[in-house]
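**Student:** The following comprises the amino acid sequence and a computationally predicted model.
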2 protein chains.
Amino acid sequence: MIVKEYIEKNRDRFLEELFELLRIPSISAQSEHKGDMVRAAEWLKAALLKAGADKAEVMPTDGNPVVYGEKMIDKSLPTVLVYGHYDVMPEDPIDEWNTKPFEPVIKDGRIWCRGANDDKGQLYMHCKAFEALVATKQLPCNVKFMLEGEEEIGSKSLYKWCEEHKELVKADVILVSDTSLLGWETPSITCGLRGLCYMQVEVTGPDKDLHSGLFGGAVANPANVLADMISKLIDEEGHITIPGFYDDVRVLSDAEREAFNKAPFDLEHYKSLINIPNVQGEKGYTTMERTGVRPTLDVNGMWSGYIGEGTKTIIPSKAYAKISMRLVPNQDFKKIAVLFENYFRSIAPDSVTVDVKFLHGGQPYVSPSDMPAYHAAEKAMEATFGKKPLPFYSGGSIPIISGFESILGIKSILMGFGLDRDAIHSPNESYGLDNFYRGIETITLFYKYFAEASK
Amino acid sequence: MIVKEYIEKNRDRFLEELFELLRIPSISAQSEHKGDMVRAAEWLKAALLKAGADKAEVMPTDGNPVVYGEKMIDKSLPTVLVYGHYDVMPEDPIDEWNTKPFEPVIKDGRIWCRGANDDKGQLYMHCKAFEALVATKQLPCNVKFMLEGEEEIGSKSLYKWCEEHKELVKADVILVSDTSLLGWETPSITCGLRGLCYMQVEVTGPDKDLHSGLFGGAVANPANVLADMISKLIDEEGHITIPGFYDDVRVLSDAEREAFNKAPFDLEHYKSLINIPNVQGEKGYTTMERTGVRPTLDVNGMWSGYIGEGTKTIIPSKAYAKISMRLVPNQDFKKIAVLFENYFRSIAPDSVTVDVKFLHGGQPYVSPSDMPAYHAAEKAMEATFGKKPLPFYSGGSIPIISGFESILGIKSILMGFGLDRDAIHSPNESYGLDNFYRGIETITLFYKYFAEASK
């Protein structure tokens, strides 16, 4: 039987299986879901064994377990290490979901569920591509799986696990589907990822909430102070004001910028997709550059005082913000964390105290487009999409990818099948059925072309 | 029996009764407590009848009911209208309470409970002072009670109720205990209250939370934008930047400022009371002036994006703030609300949309210190505290007080017995037992001296 036929025949079962995985609310950011992390890992171990792995195990770490599986058919053949993550983002704001966040629903040709795309849906394509090749006896190389449960919170345990299991995961390339296509009609392979530096700040004024009438005007209000301080992090032209922040940013040449801006981009479509009146960003750069090759600073969350119904007249005791920066080559998240903290403390007035915490980070990553694995991915996508994919610099981050290179010495191929519309990290996350099935087929072809190129 | 003896004999019962009232979680800001508002009103009606009122009733309004009661002994005698409120502030942040917010506890000579001071404790002193005078057959004037359940949310229904019941509540003076003393050793009568203008703002960027990697840098982040906009409301010197904001502020003469700053004030004690490293406020004014005679702008609450545990890498769709301004004579909250909205909209970038809501307001109030009722209050406090009370301009607001003057044409005496330490509106609100019992005694003396002065 040819591989494509096998996939076609097993369409419904593949989906039913994925739904089982999607129903496990494996939110790594929230400690109440510890048990769900283990359930998801155990479920994946069983899934790998059923798909044809020779062995698979749930390997404990200090945090959430790593699922490792492999099928070694011939040591002389190349080895592909598949990476994916079974943890997902929190589902809030929950009242903006049209369906239950952890109950997958099919509508308009898409699967609607937290994790449908990121990354359970994309990860599961790999399990099924592997199964299809094994079942049809066409697996052309060795395959290893390394599936983690902490990607959304910084992959802390996986860094350590990789240090301890370098031999176990030895491979020629790492294959990852955790990114998006430029569009369904514009296939692409992600060659660059931004790094991340995620901080949390706390501004404290009085030791308790105060009556805003009795004390208002005489006591620094931490919410107003925090707003001032956040405001001082970016100037009027959209440049980040932290001293030294841009020191290590690789500046693109005019030729590179021109090439970079050649990818198709429709500003009106972009605006209508997310329903914004206008774009906004760093002066002197295009929207593509702003997300692709320039670093950013965003407040991801901010809270202070009374946030319930109606009114409460207080000066809050504390104000908080979660602030993350996306980094580009050659910025270093550890250095940026220090620069951020120093600057943030330096702009605090003497009427408050400030606490700054580093939550997680990852280095930016660049994947060369001239290695055999890249060409295999290119050929595979060209076969299924009918178009040669474009190399693409994504604004997103998968911090562990640069870790793989530094710890394991292995390059990654970021062949993801998501679309911008998928609303990953947002309410109403979805993943197209077409994307899921075409992804499976493309992955099987990647193995074929990669094995051929390695002969 | 003399009045003081009666109070002494009934100490414990007075407290037990107050505790019953404190246990009703009558939070006016939260609609889930609608039933508790009615329970508190019914409880007070019964309490007034037991204390000696000829009649008492729970009078419905569009919002929470007004409790009205009276004892008319002789139409030729003066009439005192007692005002108080049975609604309380929300209890959050709930985890900062040392005891249950709605279960009163006695410790260190104080009652600890939400509403212990504001205003159930202070209101109930009036019920018991009235009872003591009736029981000992020494009530020297007519007494009316008007107790509302919406003070903490702007007294909207009471304005309308007053319009409709001008004849019913006709009186010579309104007596209110809903303010604080300068100190236990520095008794005071509040002669000025700031007005209030409470707004809520909403900044909307994309129509859903976005992945901060994929979109970060190119799309305006409503949390960052809101921080910028809040920052622009107050300048570096602490002046509010809203055009026209100070136009109607009555400027004090040098002599007035000098007199104003004569009240005892210890900056180090003030700082240590609320544990702040330094005070902060409008340049050119003392702390007393900043809270007493200058207007303010404070963020009372602010929220956007992910505020849970850990990290979530999003550009929030929306950011919100509750912002209130304390006003001084002769500012008008309706005019200020318009100035605020116009300015706030004018500073929004074109990459977001902005919504501004007026939540509630009240006019500033000044009570003359040369009327008979003021002198009666002065004499009563001098008798119980052993010191003549100082006239004091409070930073707080009781918006309805200026409404009483404009609608009913009656002046109010603000004879409150709270202390700064009482943490009203904050976790661990308390009210001293000494304050409670001395308050009762002082109120009975007020009636005596007021009746004498009116002969």
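**Tutor:** Arrived safely, thanks for sending.
**Student:** make it CA atoms for all contacts and neighbour counts henceforth
**Tutor:** Will do.
**Student:** who in the stretch 1-150 of chain A is up against chain B?
**Tutor:** Residues of the stretch 1-150 of chain A lying close to chain B (C-alpha under 8 Å from any C-alpha of the partner chain) are A:29-30, A:89-90, A:92.
**Student:** if you set the cut-off to 7 Å instead, what comes out?
**Tutor:** A:29-30, A:89 (C-alpha under 7 Å from any C-alpha of the partner chain).
**Student:** For my notes, please list these in JSON lines and give pLDDT, secondary structure and neighbour count for each entry.
**Tutor:** Output for the residues of the stretch 1-150 of chain A next to chain B, formatted as JSON lines (pLDDT from 0 to 100; DSSP: H, G, I helix; E, B strand; the rest coil; neighbours: other C-alpha atoms under 10 Å in any protein chain shown):
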{"residue": "A:A29", "pLDDT": "94", "secondary structure": "coil", "neighbour count": "22"}
{"residue": "A:Q30", "pLDDT": "94", "secondary structure": "coil", "neighbour count": "15"}
{"residue": "A:M89", "pLDDT": "95", "secondary structure": "coil", "neighbour count": "24"}
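**Student:** And the pLDDT at A:G310?
**Tutor:** We note a pLDDT of 88 for A:G310 in this prediction.
**Student:** In contact with the nearest residue to it once chain neighbours are set aside, which residues?
**Tutor:** Computed as C-alpha to C-alpha, 6 or more residues apart in numbering or on different chains, the closest residue to A:G310 that is not its neighbour in sequence is B:A29, at 5.2 Å. B:A29 makes contacts with A:309-311, B:90, B:153, as judged by C-alpha atoms under 7 Å, 6 or more residues apart in numbering or on different chains.
**Student:** Which ones among the residues you listed lie within helices?
**Tutor:** Assigned to helices by DSSP state H, none of the contacts of B:A29 qualify.
**Student:** residues in contact with the lengthiest helix in chain A?
**Tutor:** Counting residues, the longest helix found in chain A (DSSP H) is helix A:433-453. Among residues not part of helix A:433-453, those counted as contacts by C-alpha under 7 Å, 6+ apart are A:4, A:78, A:109-111, A:125-126, A:128-129, A:133, A:140-141, A:372-373, A:376-377, A:380-381, A:384, A:417-418.
**Student:** Same check on stretch A:311-323?
**Tutor:** A:198-212, A:221-223, A:226, A:298-306, B:29, B:89, B:153, B:298, B:300, B:425.
**Student:** hang on, the earlier thing: how about the longest helix of chain A, which residues are buried there?
**Tutor:** By neighbour count on 16 or more other C-alpha atoms under 10 Å in any protein chain shown, the buried set for helix A:433-453 is A:433, A:435-451.
**Student:** measure A:D62 to A:E163 for me?
**Tutor:** Taking C-alpha to C-alpha, to the nearest Å as the measure, A:D62 falls 14 Å from A:E163.
**Student:** re the thing from before, and the contacts of helix A:433-453, which of them are in helices?
**Tutor:** Using DSSP H, those in helices are A:4, A:125-126, A:128-129, A:133, A:372-373, A:376-377, A:380-381, A:384.
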